[in-house]
Each structure stands twice: as structure tokens, then as C-alpha cells.
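[1] Sequence and predicted model, in that order:
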Amino acid sequence: MTRLKPGVTLGVLGGGQLGRMWSHAAQALGFRTAVLDPDSHSPAGLISHLHVCADYLDADALSQMAAQCQAITTEFENVPAEALRQLGLTLPCAPGAEPVSVAQDRAREKAHFVQCGVPVAPHQVLHSAADVSAVPASLLPGVLKTTRLGYDGKGQVRVASLVDLPAAWAQLQTQGNAVCILEKHLPLAAECSVVLARGFDGEMVHLPLQVNLHRDGILAVTEVFEHALPTETEQQALHAAYEVARGLNHVGVLCVEFFLLQDGPERDALGPWVVNEIAPRPHNSGHHSIDSCDVSQFELQVRCMAGLPLVPPRLHSPSVMLNLLGDLWLSHGVQMVEPPWAKVLALPGAHLHLYGKTEARRGRKMGHLTITAAHANEAREVALQAAAILGIAAW
């Protein structure tokens with residue numbers, strides 16, 4: 001790929017907070033930014049040089065992006081892959097349509113992991129009521145998920161036994177989900193993620209391994225510090241993530257999420273961890289890198305798009321990141337009340353990022369708070385203080 005020079009325009013499909021932070025990183029490197037998003041008040045559209053306010057498959061909008069931009073990315077995987085496929089006919093896209101298409105379908109995603117030789121939870125794809133009737137008892141208890149359009153805990157139902165499975169299947173069918181996947185519930189010791197970047201030339205670098213806590217299917221806390229997990233586990237996870245990226249021929253930032261298993265028969269059968277899912281773009285668990293690393297995940301995405309050198313990010317400060325959901329604004333009822341940011345910002349090492357969203361809703365990501373410190377225990381202590389101020393449950 002020809003290296004792009006500052007001053008040209010880079011484009012992103014999607015105008016949410018990821019697009020906003022990507023735009024900031026691109027502009028810091030001297031690039032102009034263009035956003036395609038149907039929301040006239042999208043966070044990224046508000047701060048970019050150009051906001052094309054239209055549907056992602058609008059022919060005129062895609063033509064305008066192709067004419068204005070020298071490279072394209074996406075901020076979330078549920079943008080239609082066909083939009084990337086059309087833009088990819090004339091522009092470099094990072095990621096391309098194929099990795100996004102795989103990430104949009106849990107069945108294809110699982111099949112890709114198996115093809116790459118990385119372990120996954122026992123699972124079965126269900127196309128019909130007959131498939132539901134044939135599910136073996138060994139897959140229960142489990143989680144029934146839609147194969148498409150599920151995120152942040154949406155589109156999935158916990159299933160305790162075979163008796164409960166038909167009702168769970170019927171519930172997801174009423175939501176228009178023709179195909180589902182049943183995954184066996186595994187006893188987890190921890191969750192972690194690898195955020196890597198891969199260039200058009202195949203070169204790869206990665207952020208430090210991140211240890212994550214989810215609540216109600218939404219990322220709540222990410223902790224990042226050296227030796228957060230055993231060295232062997234970290235190396236195995238990195239190797240698996242790199243294999244997944246190579247197998248997709250992915251270009252850009254990619255997050256690979258892992259489940260670390262508790263001691264027991266599942267761990268004996270599967271190994272110490274399984275791959276859960278991928279996100280072919282910057283990821284919520286990598287937001288800390290803006291404040292804790294010398295190169296953020298968003299700058300890495302820009303470097304991939306522009307053909308700039310990829311340098312391994314260095315963690316200069318252990319960090320804890322807290323997701324700030326709309327619940328914090330609505331803790332006193334339905335009326336929005338601004339959280340006490342002054343108290344939070346009085347804490348040492350506090351870095352507040354708000355996304356410019358005008359309406360708070362429960363479960364909606366409104367911002368994040370990263371606490372950095374010289375040592376991991378100091379970052380965690382201050383993060384717990386911040387959580388207490390904001391009314392976030394301790395961990």
C-alpha cells in the first residue's frame with residue numbers, strides 16, 4: 001500500500017464513541033476525517049471535517065465517501081459488510097469486508113476459530129426446532145445466542161437444562177432470529193482480551209494483555225499491568241490472537257476475547273482457556289491505551305490505514321478503566337443528573353473521557369474513566385475510590 005501523507009482524508013463507517021476517538025487520533029497525526037453515519041448528532045460526526053449523514057448502504061453516500069477519502073475503516077462490526085465491499089473496490093479498507101462478515105455471524109466466527117486450531121467452548125448451531133430437539137444434554141447448562149446482531153449481552157438467553165431450551169429458542173425466534181448457536185456454560189476464572197494491530201504488509205503489534213470484568217454482558221472494568229496473568233498464559237493467548245488475525249487476513253485493529261477456565265473437567269478437556277469472540281476494530285477494553293500507553297489502539301488503527309510504521313505500544317502506567325453507563329446519570333430516577341465529575345477529577349491519575357452523547361439511557365456507554373498510577377495496587381485503590389463516588393459496585 002502507498003503510504004498516505006498528513007492532510008489527506010481518512011473515512012470511518014459509524015459515528016459512535018469509537019469513531020470519535022479514532023477521529024481524534026487521526027487528526028492528531030494531521031489527517032482530515034470523514035464520517036458516514038445516519039445520526040445527525042453522532043459523537044464522531046460532530047468533531048469530524050465531514051459528516052455524511054445517510055444510511056450505510058446509500059449509494060450516493062458511498063460515492064461521496066469514495067470520492068473524499070483515501071482509506072476507510074469501521075468503528076463497529078455491525079455496519080453492513082457490503083458497504084465495505086463496495087468501498088474496497090476503489091479504496092484500501094482496514095478492515096476489509098470479509099473479517100467484518102465473519103465477525104457478524106457467530107457460527108462463521110466459531111468455525112474460523114476451529115479452522116485456526118484455537119480452542120472454543122463446546123457448541124452447536126441450531127437452524128430449526130428439529131435441531132433444538134436433538135441437542136445433547138452435555139451442552140447444558142449453556143447460553144443460547146443469536147448468530148447475528150447480538151452485542152453487550154443482547155440477543156442471548158441463559159438455558160439451565162434441556163427442558164428450558166425450547167422456550168429460549170421460541171423467545172429468540174420472536175425477535176426475528178432464524179439461526180442460533182448454543183454454547184456450553186463454562187466455569188470461568190477470569191476474562192481477558194488481546195488487542196492487536198496488523199498492517200497491509202502482515203506486520204503485527206499488540207497492546208498489553210487486558211483482564212476484564214463484565215456485568216450483565218457489558219464490559220465494566222479493565223485492569224492492565226505487567227504480569228497480570230501467568231507468562232505462559234499470556235504467550236498462548238497472544239499466539240492464538242495472531243493466528244486468528246492471520247487466518248482472516250485482517251488489516252487494522254482486532255480484539256480477541258478469551259475465557260480463562262477454572263480448574264475442573266472442562267479445563268482438563270479443553271485446556272486453560274478458550275477463545276470467545278472477536279471484534280475487528282478498536283475495542284472497549286483497549287480504551288485505557290489513550291492514557292496508559294505511548295501509542296493508543298486508535299493511533300494504531302490510523303497507522304494501519306495510512307501504511308505508517310507499527311511500533312509495539314509500551315505500557316508506561318498500570319491502569320484501571322471503568323465504563324461509564326447511562327445508569328450513572330439516572331441513579332435518582334428517570335431525570336438525568338450529572339455525576340459528580342469534580343470529585344472524580346480530584347483523584348490522582350484520573351482521566352475522564354465523555355463521548356458527547358446528549359441522552360443517557362440505562363446500559364448505554366456514555367464515557368469511560370481511566371486511572372493510571374506508578375503501581376497496579378495504587379491504580380486499583382484509586383479506581384475503587386472513583387467507583388464509590390460514582391455509585392459503581394466494587395469488584
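    Noted; the coordinates are in hand.

[2] any idea how far residue 362 is from residue 87?
    Plainly put, residue 87 is 35 Å away from residue 362 if you go by C-beta to C-beta, to the nearest Å. All C-beta atoms are positioned from the backbone trio N, CA, C, and that covers glycine.

[3] Between these two, which has more neighbouring residues?
    More crowded of residue 87 and residue 362, by other C-beta atoms under 10 Å: residue 87, with 24 against 11.

[4] dump the residue contacts of the more buried one.
    62, 65-66, 72, 93 (C-beta atoms under 8 Å, 6 or more residues apart in numbering).

[5] Any chance of the backbone angles for it?
    Residue 87 has phi and psi values of phi -70, psi -30 when expressed as degrees, to the nearest 10.

[6] So what touches the helix or strand hosting residue 278?
    Using DSSP states H and E, residue 278 maps to strand 273-279. The contact list for strand 273-279 (C-beta under 8 Å, 6+ apart) reads 77, 102-103, 106, 109, 113, 118-121, 186, 191, 233, 236-237, 240, 244, 254-261.

[7] hey, which helix is longest across this protein?
    helix 231-248 (DSSP state H).

[8] Low-confidence stretches in this protein?
    Flagging of the chain using pLDDT under 70 yields the residue ranges 150-153, 175-177.

[9] picking that back up, and the contacts of residue 87 as CSV, adding secondary structure?
    Listed next are those as CSV, based on DSSP: H, G, I helix; E, B strand; the rest coil:
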residue, secondary structure
62, helix
65, helix
66, helix
72, strand
93, strand
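
[10] all helices for the stretch 251-395 of the chain, in order.
    Taking DSSP state H, counting those that start in this stretch, the helices of the stretch 251-395 of the chain run over residues 265-270, 289-292, 297-306, 341-345, 376-390.

[11] Next up, the contacts around the most centrally placed residue in the chain.
    The centroid of the chain falls nearest to residue 283 when counting by C-alpha atoms, centre = their mean (3.2 Å). Residue 283 sits next to 193, 195, 253, 255, 297 when contact means C-beta under 8 Å, 6+ apart.

[12] Show me how the chain divides into domains.
    Domain assignment for the chain by automatic domain parsing gives 9-93, 122-184, 188-390.

[13] now the contacts of residue 87: which count as buried?
    The neighbour count (16 or more other C-beta atoms under 10 Å) marks 62, 65-66, 72, 93 as buried among these.

[14] TSV for those residues, including distance to residue 34?
    As requested, the buried ones among the contacts of residue 87 are arranged in TSV below (distance: C-beta to C-beta, whole Å):
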residue	distance to residue 34
62	12
65	6
66	10
72	9
93	14
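
[15] closest to residue 12 among those residues?
    Of all the buried ones among the contacts of residue 87, residue 12 sits closest to residue 72, with 7.3 Å by C-beta to C-beta.

[16] wouldn't the closest one be in contact with residue 91 here?
    Yes - the criterion here is C-beta atoms under 8 Å, and residue 72 meets it with residue 91 at 5.3 Å.

[17] tell me the contacts of the closest residue to residue 19 other than its chain neighbours?
    Counting by C-beta to C-beta, 6 or more residues apart in numbering, the nearest residue to residue 19 once its immediate chain neighbours are dropped is residue 44, at 3.2 Å. For residue 44, the contacting residues are 12, 14-20, 22-23, 33, 35, 37, 51, 75, by C-beta under 8 Å, 6+ apart.

[18] and the closest residue to residue 310 other than its chain neighbours, what is it in contact with?
    Setting aside the residues directly before and after it, residue 310 is nearest to residue 205 in space (C-beta to C-beta, 6+ apart), at 4.8 Å. Counting by C-beta under 8 Å, 6+ apart, residue 205 touches 196-197, 300, 310-313.

[19] rerun that using 7 Å as the cut-off
    Shown in contact with residue 205 (C-beta atoms under 7 Å, 6 or more residues apart in numbering): 196-197, 310-313.

[20] Report how many residues lie close to residue 258.
    26.

[21] was I right about it contacting residue 195?
    No - Residue 258 is beyond contact range of residue 195, at 11.9 Å (criterion: C-beta atoms under 7 Å).

[22] Verify the contact between residue 194 and residue 239 for me.
    No - judged on C-beta under 7 Å, residue 194 makes no contact with residue 239 at a distance of 9.8 Å.

[23] who's more crowded, these two?
    residue 194 (28 against 12).

[24] And the residue nearest to the more buried one when sequence neighbours are not counted, how far from residue 138?
    Nearest residue to residue 194 in three dimensions, chain neighbours excluded: residue 241, at 4.0 Å (C-beta to C-beta, 6+ apart). Counting by C-beta to C-beta, the gap from residue 241 to residue 138 is 28 Å.

[25] So these two - more neighbours on which side?
    Comparing residue 241 with residue 138 by other C-beta under 10 Å, the one with more neighbours is residue 241, at 26 against 8.

[26] Alright, I will stop here.
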